[in-house]
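> here is the input, now give the coordinates:
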Amino acid sequence: MIKRHSANPLIEPKSVKPSREGYRVKGAFNAGAAEYHDEIILLLRVAEDCVAGEGSVAVPYYRFDSGGGHAEILEVRADDPDVRLKDTRGVVYKGADYLSTLSHIRLARSKDGVTFTVDEKPFIYPISPSESFGAEDARVTKIDDVYYITYTAVSGDGWATALALTRDFQAVERKGIIFPPPNKDVSLFPEKVNGKYCALHRPHNEGFGKPSIWYSESTDLLHWGNHKCLIRPRDTIWEEQKIGGGAAPIKTDRGWLEIYHGKGKDQLYSLFLLLLDLKDPSKVLKRGEEPILIPKEPYETEGFFPNVVFSNGVITKADGSIKIYYGACDETVCLAETSVDELLSML
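As a prediction, the model looks like this:
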């Protein structure tokens, strides 16, 4: 009932221009999605590293001043006594952490939803220390005439969720962090329920429990309360590690339909369905027993981070057809197509 598009992957790293000289695009993936006028716009997560000279280590980083954030390169000799290779994700230099890749949000535009042109410059990139390790995994929700964007702000303090808004996908207004660390996978409902804005979010449990999907409410989109845990990971090969929400819930006659992800055995990511009550979204009506999409094709099983399908961008058309844009292997953007009726029939 879910069909992968024959053009997959739609966007690959080679399709994206580096944000500055000396940077190299390693992944273009996990895209938020929105319709604007006659276009589908994807908000790509673009991950970049640096090309190092022989015998050297080079990592990207951002320098901050009153003018905002500036992309820079730290390159030092690999045998420098102040260098410590942390793991494949980064290095420590003179006691400070640096990641091997940094992410920002880049726009891609399409008339048909399949063939995309990627903007040459970042749309959202680090501008403050709270984003010093990158801006990741944007989700976008249209409420009235405003597109609200939630994205993961990563720094040495952990990962938080920040809010930005745009009306034209040209100018962007930042509202700052709305869920402090450690919290991510935040998606906003497309309308108020009982006079309140609603959101799904994912605090990171440590000690007791596992990362689960939570619900929250707000009167202004900035201050959130009435937090409730909706669902927790099940002890299955698909969800045994953690779960998290995807794009904005879809309003249907039967309830709010959410496509969420599970991380299971051997680091495998797959997609599931969740149905919430229309009048009380903190009430779970149904939850899919089996995944609706699992890594299967080579572009989903072989790549930078193998065996991953992850969606935070969904387009629902007036006729009920659905485009699920998903990241594969933390490397590319792919498309799967279905409909509201087909998804509801799986619950």
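
> pLDDT at the residue nearest to Arg4 when sequence neighbours are not counted, what is it?
Nearest non-adjacent residue to Arg4, counting by Cβ to Cβ, 6 or more residues apart in numbering: Ala336, 5.2 Å away. Glycine gets a C-beta too; all of them are placed from N, C-alpha and C. Ala336 carries a pLDDT value of 98.

> what is the burial count for Ala336?
Residues lying near Ala336 (other Cβ atoms under 10 Å) number 20.

> ok, now Val193?
18.

> surely it touches Lys279?
Yes - the pair Val193 and Lys279 passes the contact test of Cβ atoms under 8 Å, sitting 7.0 Å apart.

> run through the stretch 1-150 of the chain and note the low-pLDDT ranges.
87-88 (pLDDT under 70).

> so where do the strands sit in it?
Under the criterion DSSP state E, counting those that start in this stretch, the stretch 1-150 of the chain contains strands at 3-4, 23-36, 39-50, 56-65, 68-77, 83-87, 90-93, 96-99, 102-110, 117-118, 134-143, 146-155.

> can you put these in TSV and add mean neighbour count and distance to Pro211?
Shown next, in TSV, are these (neighbours: other Cβ atoms under 10 Å; distance: least, Cβ to Cβ, whole Å):
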stretch	mean neighbour count	distance to Pro211
strand 3-4	14	28
strand 23-36	24	17
strand 39-50	25	19
strand 56-65	17	27
strand 68-77	15	28
strand 83-87	12	21
strand 90-93	17	22
strand 96-99	17	21
strand 102-110	24	20
strand 117-118	16	31
strand 134-143	24	14
strand 146-155	23	13
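
> mind putting the ones you listed into a markdown table with distance to Glu297?
Below are those laid out as a markdown table (distance: least, Cβ to Cβ, whole Å):
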| stretch | distance to Glu297 |
| --- | --- |
| strand 3-4 | 7 |
| strand 23-36 | 15 |
| strand 39-50 | 20 |
| strand 56-65 | 30 |
| strand 68-77 | 33 |
| strand 83-87 | 29 |
| strand 90-93 | 30 |
| strand 96-99 | 29 |
| strand 102-110 | 21 |
| strand 117-118 | 22 |
| strand 134-143 | 22 |
| strand 146-155 | 26 |
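
> quick check: which of those strands is nearest to Thr252?
strand 134-143 (16.2 Å; Cβ to Cβ).

> and that closest one, how far from the chain's centre?
In terms of Cα atoms, centre = their mean, to the nearest Å, the centre of strand 134-143 is found 7 Å from the chain centre.

> for the residue sitting nearest the centre point of the chain, give me its contacts.
In the chain, the residue lying closest to the centroid (Cα atoms, centre = their mean) is Asp137, at 2.2 Å. If a contact means Cβ atoms under 8 Å, 6 or more residues apart in numbering, then Asp137 has Asn30, Gly32, Arg45, Tyr151, Thr152, Lys184, Asp185, Asn312 as its contacts.

> before we move on, what about Pro129?
For Pro129, the contacting residues are Phe64, Ser155, by Cβ under 8 Å, 6+ apart.

> so what are the sheet partners of the helix or strand hosting Ala199 and their directions?
Per DSSP states H and E, Ala199 falls inside strand 197-203. In its sheet, strand 197-203 lies beside strand 183-188 (antiparallel), strand 213-218 (antiparallel), with partners assigned from DSSP bridges.

> highest mean neighbour count out of these?
Neighbour counts (mean count of other Cβ atoms under 10 Å) averaged over each of these peak at strand 183-188, with a mean of 25.

> nearest residue to Ser216 other than its sequence neighbours?
Closest to Ser216 by Cβ to Cβ, 6+ apart is Trp224, at 4.4 Å.

> burial measure for the one you found, as a count.
Residues near Trp224, counting by other Cβ under 10 Å, number 20.

> got the contact list for it?
Contacts for Trp224 (Cβ under 8 Å, 6+ apart) come out as Ile178, Phe179, Ala199, His201, Ser216, Glu217, Ser218.

> for the residues you listed, give me TSV that also has distance to Met1 and pLDDT.
As requested, these are exported to TSV (distance: Cβ to Cβ, whole Å; pLDDT from 0 to 100):
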residue	distance to Met1	pLDDT
Ile178	35	98
Phe179	33	98
Ala199	28	98
His201	29	98
Ser216	31	98
Glu217	33	98
Ser218	35	98
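
> can you name the residues that contact Ala47?
Val25, Lys26, Gly27, Ala28, Phe29, Thr101, Leu102, Ser103, Gly134, Asp330.
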